[in-house]
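Novice: sequence first, then the predicted structure:
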Amino acid sequence: MSAQREMKEKNPWHTPVTIIITVIGVIAIVALVTVAVLQNRPFPQKYKYGIVLDAGSSHTALYIYEWPAEKDNNTGRVEQTHSCKILVENALAFCPGISSYASAPSKAGQSLTECMQEAVQRVPEKRRGETPLYLGATAGMRLLNMENSAASDSVFQSVKKALQMFPFSYQGARILSGQEEGAFGWVTVNYLDDRLKQGLETTGALDLGGASTQISFVSDNYNGSESPSNSVTFRLYGNDYNLYTHSFLCYGKDQALRMTLAHQSQAGPGTVLDPCFHPGYAEIKNYSVLYDSPCVSDRKPQGAPATFNHTGNGNFLECQKTIKNIFNFTDCKYSRCSFNGVFQPLLQGPFGAFSAYYFVMNFLNLTDTSIPLDDVKEKLKRYCATPWNQIRQRHPNIKLKYLAEYCFSGTYILTLLTEGYNFTSESYSDIKFIEKIKGSDAGWTLGYMLNLTNMIPAEAPDSPPLPHAGYVSIVTVIAVLIFILFILSLRPLWPSCSKQPQIV
Ligand SMILES: Nc1ccn([C@@H]2O[C@H](COP(=O)(O)OP(=O)(O)O)[C@@H](O)[C@H]2O)c(=O)n1
Ligand SMILES: [Ca+2]
């Protein structure tokens, strides 16, 4: 017992001063770490929102984007949280893009109501008033504006009136230029892939719509001087980009089908035997419907009967030959061209192909571009040659109008890529058919909003040197080290360990 007491007396751990110092030290470390954790804890996430309506030629879609409220100018990622397709079919057209309301413009605004009401539900009430709302129209409205600008203005009046009734911050409705459509599609793809912030090699963007198609990419041997109208420059996160972009009006898949059919119907009135439609396909169609578009109206045959018999014979190679007729490969005043005398620099880098490129290739089970191009063609050849009644039996739930067009659309896509843009058997595998990237749809809408809200800074943002968890860990480690050093500094007071105390 006396030895134990002696040991206690000699051991400074048991002196009141040391006990007090130790307790205070521990309390100080706990307090320091607590303050570090609390003071620098990220704020509970609050979000901001933005809404973009994509008024395409074939349909209108609404997208809601969201981003952390504290970080909208630098590190925060903008994500798509909701999308809504406007699906109401109207009496005027099968596909209700806003341009189809040309003869009843007041209904164009009404058609947006359902998706707008959904948007009201999705955006928290507190945020609605500050949420920007944009509508951008593409090639369908470009064509209507060319054909009948008064009708196009009335459609916009109706759309604006309808959108202003909702509790968002309405920022305007307008037609995007083809250049903007191409460039913002490229921004979207590269933003979502985190390529811009990190200054990585960028991905080209291929967008196939119903009325126009866009190609945009960065090419090292292109500085913009050869064809300035195809050049868009950006400074994003401290990097300069010189983007080549072109939008081909009338080369979206629906207008390309019209042009191909119009070309075939020039052979003579009455019947069109179409290699791009399945054997056994037969429909009576109206010439006036076929030629009701500025893409073909100048080719309308005079004195033709009202209708023609559209029949299929399903031949991929013949279909490809027929489609080639809508491209002009002869005139080119530049060092190199894609088609129709349009300059295009050497293709470079990976490409993301979205919108109808994806929908069509996905339907045909041909999105895998590691399959050799010749095999892709072979598969499509077999698909086109399949009799129409078999195709119908295989897909009882797909609308016949859409189902009938996949052979044409697939053949058009391969022709546009290889003959039009000059992708080869090798470079075909550089293309990825994509619908979404990290949950957000690939398309021009996100890039458009990022640009209008100045959400991509020109210069690289300053980021905190350490993430929060790293900061807290370092504070803890340093505090513990200081404490250990302090204890070590008390060493002269420690008992000598040379002789073990004897317990008797
Ligand atoms: N699920 C879907 C949705 C759209 N699409 C097609 O994708 C194209 C979308 O074009 P769009 O309405 O954006 O037209 P543009 O104004 O971009 O030319 C149309 O040809 C639609 O028929 C499709 O094939 N499958
Ligand atoms: Ca589109």
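Specialist: That came through fine. Ligands and ions are numbered 1, 2, ... in the order given.
Novice: for residue 430, which non-adjacent residue is closest in space?
Specialist: Excluding the flanking residues, the one nearest residue 430 by C-beta to C-beta, 6 or more residues apart in numbering is residue 350, at 5.2 Å. All C-beta atoms are positioned from the backbone trio N, CA, C, and that covers glycine.
Novice: wasn't residue 432 part of a strand?
Specialist: Yes - under DSSP: H, G, I helix; E, B strand; the rest coil, residue 432 falls within a strand.
Novice: need the residues of the chain near ligand 1, please.
Specialist: Proximity of the chain to ligand 1 (C-beta under 6 Å from any ligand atom) is limited to residues 56-59, 97, 138-140, 209-212, 252-254, 355-356, 359-360.
Novice: and the residues you listed near ligand 2, which?
Specialist: 56, 209 (C-beta under 5 Å from the ion).
Novice: in helices only, show me the residues of the chain next to ligand 1.
Specialist: Counting by DSSP state H, the residues of the chain next to ligand 1 place 139-140, 253-254, 356, 359-360 in helices.
Novice: need the max-distance pair from these.
Specialist: Greatest spatial distance in these: 140 and 360, 18.4 Å, computed using C-beta to C-beta.
Novice: tell me which of those two has more neighbours.
Specialist: Each of residue 140 and residue 360 has its neighbours counted (other C-beta atoms under 10 Å); residue 140 has more, 31 against 23.
Novice: so how far is residue 110 from that one?
Specialist: 18 Å (C-beta to C-beta, to the nearest Å).
Novice: residue 444 and residue 56 touch, don't they?
Specialist: No - between residue 444 and residue 56 there is no contact under C-beta atoms under 8 Å: 9.9 Å.
Novice: doesn't residue 133 lie inside a strand?
Specialist: Yes - judged by three-state DSSP, residue 133 forms part of a strand.
Novice: quickly list what's touching both of residue 444 and residue 56.
Specialist: Shared contacts of residue 444 and residue 56 (C-beta atoms under 8 Å, 6 or more residues apart in numbering): residue 138.
Novice: ok, the ones in helices among the residues of the chain next to ligand 1 vs residue 453, which is closest?
Specialist: residue 139 (24.5 Å).
Novice: what is the burial count for that closest one?
Specialist: Residue 139 has 31 nearby residues by other C-beta under 10 Å.
Novice: do the same with residue 157
Specialist: Neighbourhood size, residue 157 [other C-beta under 10 Å]: 15.
Novice: residue 392 reaches residue 403, doesn't it?
Specialist: Yes - assessed by C-beta under 8 Å, residue 392 is found in contact with residue 403 at 6.9 Å.
Novice: neighbour count winner among the two?
Specialist: Taking neighbours as other C-beta under 10 Å, residue 392 and residue 403 compare with residue 403 leading, 19 against 16.
Novice: tell me the contacts of the more buried one?
Specialist: 391-392, 395.
Novice: one more pass at 6 Å, please.
Specialist: Residues near residue 403 by C-beta atoms under 6 Å, 6 or more residues apart in numbering: residue 395.
Novice: just say helix, strand or coil for it.
Specialist: Following three-state DSSP, residue 403 is assigned to helix.
Novice: please tell me how far it sits from residue 308.
Specialist: As judged by C-beta to C-beta, residue 403 and residue 308 stand 21 Å apart.
Novice: and what of residue 82?
Specialist: Distance from residue 82 to residue 308, by C-beta to C-beta: 43 Å.
Novice: can you show me the CA trace of the one helix or strand residue 320 maps to as PDB?
Specialist: In this assignment (DSSP states H and E), residue 320 forms part of helix 316-324. C-alpha atoms of helix 316-324 as PDB (Å, rounded to 0.1, in the frame of the first residue of the first chain):
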ATOM      1  CA  PHE A 316     -30.900   0.200 -98.200                       C
ATOM      2  CA  LEU A 317     -28.300   0.800-101.000                       C
ATOM      3  CA  GLU A 318     -31.000   2.300-103.400                       C
ATOM      4  CA  CYS A 319     -32.300   4.400-100.500                       C
ATOM      5  CA  GLN A 320     -28.800   5.700 -99.800                       C
ATOM      6  CA  LYS A 321     -28.400   6.600-103.500                       C
ATOM      7  CA  THR A 322     -31.700   8.400-103.500                       C
ATOM      8  CA  ILE A 323     -30.800  10.300-100.300                       C
ATOM      9  CA  LYS A 324     -27.500  11.500-101.800                       C
END
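Novice: show me what it is packed up against.
Specialist: helix 373-385, helix 400-415 (3 or more C-beta pairs under 6 Å, 6 or more residues apart in numbering; DSSP states H and E).
Novice: wait, what's in contact with residue 23?
Specialist: Taking C-beta under 6 Å, 6+ apart as the definition, residue 23 has no contacts.
Novice: A helix includes it, no?
Specialist: Yes - counting by three-state DSSP, one finds residue 23 located in a helix.
Novice: from residue 476, how far off is it?
Specialist: 18 Å.
Novice: how close does the nearest residue to residue 335 once chain neighbours are set aside sit to ligand 2?
Specialist: Ranked by C-beta to C-beta, 6+ apart and with sequence neighbours excluded, the top spatial neighbour of residue 335 is residue 226, at 6.6 Å. Look at residue 226 and ligand 2: by C-beta to the ion, to the nearest Å, they are 27 Å apart.
Novice: what's the answer for residue 417, then?
Specialist: Residue 417 is 18 Å from ligand 2, where distance means C-beta to the ion.
Novice: can you give me the neighbour number for residue 442?
Specialist: Around residue 442 there are 26 residues (other C-beta under 10 Å).
Novice: my read: it touches residue 356, true?
Specialist: No - the criterion here is C-beta atoms under 6 Å, and residue 442 misses it with residue 356 at 11.8 Å.
Novice: quick one, phi/psi of residue 308?
Specialist: phi -140, psi 160 (degrees, to the nearest 10).
Novice: beta partners for it?
Specialist: Using DSSP bridges, the beta-bridge partners of residue 308 come out as residue 285.
Novice: now do the contacts for residue 203.
Specialist: Taking C-beta under 6 Å, 6+ apart, one finds 189-190, 350, 352 in contact with residue 203.
Novice: output these in JSON lines, with secondary structure appended to each entry.
Specialist: Shown next, in JSON lines, are these (three-state DSSP):
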{"residue": "189", "secondary structure": "helix"}
{"residue": "190", "secondary structure": "helix"}
{"residue": "350", "secondary structure": "coil"}
{"residue": "352", "secondary structure": "strand"}
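Novice: redo these as JSON lines? Include neighbour count.
Specialist: Output for these, formatted as JSON lines (neighbours: other C-beta atoms under 10 Å):
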{"residue": "189", "neighbour count": "30"}
{"residue": "190", "neighbour count": "27"}
{"residue": "350", "neighbour count": "17"}
{"residue": "352", "neighbour count": "24"}
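Novice: ligand 2 contacts on the stretch 101-250 of the chain?
Specialist: Remark: the part of the stretch 101-250 of the chain in contact with ligand 2 comprises residue 209, using C-beta under 5 Å from the ion.
Novice: and the strands in the stretch 101-250 of the chain, which stretches?
Specialist: For the stretch 101-250 of the chain, the strands defined by DSSP state E, counting those that start in this stretch occupy 132-137, 169-175, 204-208, 212-218, 231-236, 239-249.
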